[in-house]
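# Here's a sequence, model it:
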Amino acid sequence: MRKGTFILTTVIILLFGLMAKAQDSSRILAGGGLGYATEINTLSIFANGVYQITDEWEGALGIHYFLPKDDLGVDITWLGFDLDAHYVFLEKDKIDVYGLGGLHITHVSSTVLGVGVSENNAGLNLGAGGRYQLTDNLYGLGEAKYVIVDSGFFHINVGVLFKF
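Residues are numbered from 1 along each chain as shown. Predicted coordinates:
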């Protein structure tokens, strides 16, 4: 329960911080959705904020909470943080397509026989994504990226973004 409250509080603070820092509010997008990571082999719930620096360049911050799982009697949870740069190389009609690269931090915690253990791992993100404009202020989002950390994993996300 404490982890859920922490994640929700972090997401709310980040979203309000993004809105407060925006001088041109039409350059902020924020939202969330669902993802799946191959090596972790579980679903994730994510919150994402994007700041459109120029027509081509964007900065993005993402938080991913991976659903906990029990692996051979060990309870494992993951929390991922992404700080990415997007380069928009295609804008056509209602579609934006971009390449992405950036930093990734994974916090892994597990409980073995009642003893808690945790560690942080840093790595890189490389991938691509796209947005489809559904309405004036609502976008559908899809991303696929490879996260280079420890053994690495492929991560797919789908969700929505609201433009402020």
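# Please report how far the spatially most central residue of the chain lies from V112.
The structure's the chain has its C-alpha centroid closest to G62; by Cα atoms, centre = their mean the separation is 3.2 Å. Computed as Cβ to Cβ, to the nearest Å, the G62 to V112 distance reads 29 Å. The way it works is simple: take the backbone N, C-alpha and C, and place the C-beta from them, glycine included.
# same question, N125
In this structure, N125 and V112 are separated by 29 Å, where distance is defined by Cβ to Cβ.
# do the same with L161
Between L161 and V112 the distance, using Cβ to Cβ, works out to 39 Å.
# who has more neighbours, the two?
Regarding L161 and V112, a neighbour count based on other Cβ atoms under 10 Å identifies L161 as having more, with 22 against 12.
# thought that one was touching Y139?
Yes: the pair L161 and Y139 qualifies as a contact (Cβ atoms under 8 Å) at a distance of 4.5 Å.
# give the contact list for G73.
Counting by Cβ atoms under 8 Å, 6 or more residues apart in numbering, G73 makes contact with V112.
# And it, how close does it get to L141?
Between G73 and L141 the distance is 37 Å, computed by Cβ to Cβ.
# how near is the residue nearest to L134 when sequence neighbours are not counted to F162?
Closest residue to L134 in three dimensions, ignoring its sequence neighbours and counting by Cβ to Cβ, 6 or more residues apart in numbering: G140, at 5.7 Å. For G140, the distance to F162 (Cβ to Cβ) stands at 11 Å.
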